[in-house]
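Asker: My questions concern the predicted model and sequence given below.
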Amino acid sequence: MKSNFTFKINHESDIPKYQQLVNSINNAIAENILAKGQLLPSVNSICQKNKLSRDTVFKAYSILKEQKLIDSVPNKGYFVAGETRKVLLVLDTFKAYKEVLYHSFIDNLADNIIVDVQFHHYNIDNFKTIINNSIGKYYKYVVMNFDDKEVASTLTSISNEKLLLIDWNIHSKSKNNYVFQDFGKAFYDALKQGEDLFKKYKEIIFVYPSFTYHPKETLDYFKKFCSDFNFKHKIIYKLSDFILQENTAYISVSDRILGIFLEQCREKKLEPGKDIGFLSYNETPMKKFIYKGISVVTTDFNQLGIKAAEFVTKDEPLKTYVPTNLIIRESL
């Protein structure tokens, strides 16, 4: 079946013309403008209507064939081979709990959806390159944003119905779709669940190392919790100040700190959950097996992945927060 699809080429654009052709077909398939089996415009007709060289058109069609989006039959031309939709997932860094999110997201998508994963590493230039190079290539964009004033302006090039922000509510706009966790009050409420356990210790120390990008609002709610429930407390920013003290409970947002904590416990012969306490931020598959189990305050990354997949598959607006919970194990 022949389609009425036509290409629109911007000869003034910085995007290579072959890539504009690839992007146009990707979008048309994703938006059901082109369906499986439909014939595409011939190489000659594209060249004539858009003033392009045959090499440019052949390059675009070759890329699409490699992606298994189109195929060709001698003397008949090119046609849509599948209804594959491409999604871009942009994460900050790859950590164990991000792997849970990733697999949950992938496992809840249809078989015809392909996911490309990129990492911005909290670098705004890297972030802008990822986003700017992706425009027009994807059906949906799922983006983990971060604290930089240029994030919001960079994302304006993506239409709102295609964009989902995840994890941290920072530099978002009221029109944005999102699946966030709450790093403030929800964290405070989780600490309240562990009030009786914290009473075993003479002091609570929050270890917030200088290398972390964890939202600072968590520190504000930590101080509020300790003030409201009369806990002696302090915050450590330097690793050199992290020297374990008996009868103290520690909270940390870094798994590197957890490793140092366990090493010092062994050296000082301190028993976690008895002589000293530890509460880790973010659940990972291994924390229930480390030592006798590490207590965690965490959002549900599996649920976060499921909700993100719903945004891709249902084509409906989405604005929701994933709960934060306290999981008690032997370390506290």
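Answerer: Everything's here; your move. From a predicted model like this one, the values you see are computed outputs, not experimental measurements.
Asker: tell me, how many neighbours does residue 220 end up with?
Answerer: Per other CB atoms under 10 Å, the neighbour tally for residue 220 reads 14. (Each C-beta comes from the backbone N, C-alpha and C, glycine too.)
Asker: Quick check, pLDDT for it.
Answerer: On pLDDT, residue 220 comes in at 98.
Asker: distance of it from residue 93?
Answerer: As judged by CB to CB, to the nearest Å, residue 220 and residue 93 stand 24 Å apart.
Asker: Kindly tell me how buried the closest residue to residue 211 other than its chain neighbours is, as a neighbour count.
Answerer: Using CB to CB, 6 or more residues apart in numbering and skipping residues adjacent in sequence, the residue nearest residue 211 is residue 254, 7.6 Å away. Under the neighbour criterion other CB under 10 Å, residue 254 is assigned a count of 18.
Asker: and the gap between residue 254 and residue 228?
Answerer: According to CB to CB, residue 254 stands 25 Å off from residue 228.
Asker: How about residue 313?
Answerer: 42 Å.
Asker: And for residue 118?
Answerer: Distance of residue 118 to residue 228, given as CB to CB: 41 Å.
Asker: same question, residue 179
Answerer: 29 Å.
Asker: So residue 118 and residue 228 - more neighbours on which side?
Answerer: The residue with more neighbours, out of residue 118 and residue 228, is residue 118; 17 against 12, by other CB under 10 Å.
Asker: pLDDT score for the nearest residue to the more buried one once chain neighbours are set aside?
Answerer: Of all residues not flanking residue 118 in the chain, residue 130 sits nearest, at 4.7 Å (CB to CB, 6+ apart). Per-residue confidence (pLDDT) for residue 130: 96.
Asker: May I have the secondary structure class of residue 130?
Answerer: Three-state assignment for residue 130 (DSSP: H, G, I helix; E, B strand; the rest coil): helix.
Asker: I figured it hits residue 116, correct?
Answerer: No - using CB atoms under 8 Å, residue 130 makes no contact with residue 116, being 9.9 Å away.
Asker: Just want to know which of these two has more residues nearby.
Answerer: For residue 130 versus residue 116, neighbours defined as other CB under 10 Å are more numerous around residue 130 (18 against 13).
Asker: OK, contacts around the more buried one?
Answerer: Counting by CB atoms under 8 Å, 6 or more residues apart in numbering, residue 130 touches 90, 118, 120.
Asker: Closest one to residue 308 out of those, please.
Answerer: residue 90 (11.5 Å; CB to CB).
Asker: contacting residues around the helix or strand of the chain with the lowest mean pLDDT?
Answerer: Of all helical and strand segments in the chain, the minimum by mean pLDDT, DSSP states H and E falls on helix 17-30, at a mean of 85. Helix 17-30 is touched from outside by 5, 7-11, 13, 15, 33-34, 40, 46, 50, 52, 56-57, 59-61, 63-64, 69-70, 80, 82-86, 135-139, with contacts defined as CB under 8 Å, 6+ apart.
Asker: Would you mind giving me the ChimeraX syntax to select the buried ones in these?
Answerer: Here is the ChimeraX command that selects only those of the contacts of helix 17-30 that count as buried (16 or more other CB atoms under 10 Å):
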select :5,7,9,15,34,40,46,50,52,56,57,59,60,61,63,64,69,70,80,83,84,85,86,137,138,139
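Asker: Among the contacts of helix 17-30, which are located in helices?
Answerer: Judged by DSSP state H, the contacts of helix 17-30 include 46, 50, 56, 57, 59, 60, 61, 63, 64 as members of helices.
Asker: Can you lay out those as TSV showing pLDDT?
Answerer: Shown next, in TSV, are those (pLDDT from 0 to 100):
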residue	pLDDT
46	91
50	91
56	92
57	92
59	92
60	91
61	91
63	88
64	88
